[in-house]
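**Q** sequence and predicted model, in that order:
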Amino acid sequence: MAFLDSIRATAHDHHIGSRLRALALELAENLVAWNNARITRKQLSRLSERELADIGLSRGDIESFRH
């Protein structure tokens, strides 16, 4: 019986470890996406109205760049 309990504990610990790794990866991906959107908004906000119009955007469109 102790053998089966140790197998279950190991499998359970592995499952928790996998879930934690997946959560950490998702968090990192979200952080990268948020930062990319922040950089894009910052760069777009530096453009003039004419430059924005040239690429088919208006000043109000800038905030739509979210992750």
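**A** Sure, I can see it. Numbers count the residues shown, from 1 in each chain.
**Q** tell me the confidence at residue 11?
**A** Turning to residue 11, the model gives it a pLDDT of 63.
**Q** now residue 23: which helix or strand?
**A** helix 2-45 (DSSP states H and E).
**Q** list the buried ones in the following helix or strand past that helix?
**A** Per DSSP H and E, the first helix or strand lying C-terminal to helix 2-45 is helix 49-54. Going by neighbour count (16 or more other Cβ atoms under 10 Å), the buried part of helix 49-54 is residue 52. The way it works is simple: take the backbone N, C-alpha and C, and place the C-beta from them, glycine included.
**Q** hmm, who's touching helix 49-54?
**A** Contacts with helix 49-54, where a contact means Cβ atoms under 8 Å, 6 or more residues apart in numbering, come from 44, 58-59, 61.
**Q** now pLDDT too, for those, in JSON lines please.
**A** What follows is these, written out as JSON lines (pLDDT from 0 to 100):
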{"residue": "44", "pLDDT": "96"}
{"residue": "58", "pLDDT": "94"}
{"residue": "59", "pLDDT": "93"}
{"residue": "61", "pLDDT": "93"}
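**Q** by neighbour count, which of those residues wins?
**A** Highest neighbour count within these: residue 44, with 17 neighbours (other Cβ atoms under 10 Å).
**Q** what about it, distance to residue 17?
**A** Distance, residue 44 to residue 17, by Cβ to Cβ, to the nearest Å: 41 Å.
**Q** spit out the contact partners of residue 25.
**A** Contacts of residue 25 by Cβ under 8 Å, 6+ apart: none found.
**Q** count of residues packed around residue 47?
**A** Here the number of neighbours of residue 47 (other Cβ under 10 Å) works out to 15.
**Q** I meant residue 65, not that one.
**A** 16.
**Q** phi first, then psi, for it.
**A** When read as degrees, to the nearest 10, the backbone of residue 65 gives phi -80, psi 90.
**Q** wait, isn't it in contact with residue 33?
**A** No. Taking contacts as Cβ atoms under 8 Å, residue 65 lies outside contact range of residue 33: 10.8 Å.
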